[in-house]
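# Here is a sequence with its predicted model. Questions after.
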Amino acid sequence: MNTWIDMHTFIPYLFAFLFWGFQDLFKKISWKWYVGTIIFTVSLALIFPLVGLKSYVNEVAIISESLMIVFSYKLMIKRLSGPVTFFLGLVVGLFWGVALFSLVGVIYNIN
């Protein structure tokens, strides 16, 4: 089936629903780990096309988007209610994914 949206594009949102359902298991993880891992995945997404691994950029960006959803949720949960924070986390993750894919695509002229 030839569609313009890959099915694994929805993996970050599946991960977000799983995180929201089992968020008690993730409370011990410090926000510094999320930030460090996001920086690492963005670096990988920018380095992979240089070393000929363009086909793996999509997976790295999906991991980064998943982490951004979880990180934004953890930041906002103390100030807002759970469902509102979850929705805002999904929106932040969506914009993060689009921005990362656009950045990598523009820098390396990937179609």
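Now that the structure is in, tell me what you want to look at. Numbering: from 1, shown residues only.
# where does this protein have its least confident helix or strand?
helix 11-21 (a mean of 84; mean pLDDT, DSSP states H and E).
# what comes up buried for stretch 71-87?
Within stretch 71-87, the residues scored as buried using 16 or more other CB atoms under 10 Å are 71-74, 76-77, 85-86. Placement of C-beta: from N, CA and C, glycine included.
# can you pull out the helices in this protein?
Remark: helices assigned in the chain by DSSP state H are 11-21, 31-47, 57-76, 82-108.
# which non-adjacent residue is nearest Leu75?
The shortest distance from Leu75 to any non-neighbouring residue, by CB to CB, 6 or more residues apart in numbering, is to Trp31 (7.2 Å).
# OK, contacts around that neighbour?
Trp31 makes contact with 71, 74-75, according to CB atoms under 8 Å, 6 or more residues apart in numbering.
# and what of Lys78?
Taking CB under 8 Å, 6+ apart, one finds nothing in contact with Lys78.
# circling back to that earlier point, return the distance of the least confident helix or strand of the chain from the chain's centre.
Distance, stretch centre to chain centre, for helix 11-21: 11 Å (CA atoms, centre = their mean, to the nearest Å).
# contacts for it?
Contacts of helix 11-21 with the rest of the structure, by CB under 8 Å, 6+ apart, involve 26, 62, 65-66, 69-70, 73, 82, 86, 89-90, 93, 97.
# Go through the helices of the chain and pick out the most buried.
Stretch with highest mean neighbour count among the helices of the chain: helix 57-76 (a mean of 22; mean count of other CB atoms under 10 Å).
# Now do the contacts for Ala45.
57, 60-61, 64, 100, 104.
# residue closest to the middle of this protein?
With distances taken as CA atoms, centre = their mean, Glu65 lies nearest the centre of the chain, 0.7 Å away.
# what about the closest residue to that one other than its chain neighbours, distance to Leu25?
Counting by CB to CB, 6+ apart, Glu65 lies nearest to Gly97, which is 3.9 Å off, once chain neighbours are set aside. For Gly97, the distance to Leu25 equals 24 Å [CB to CB, to the nearest Å].
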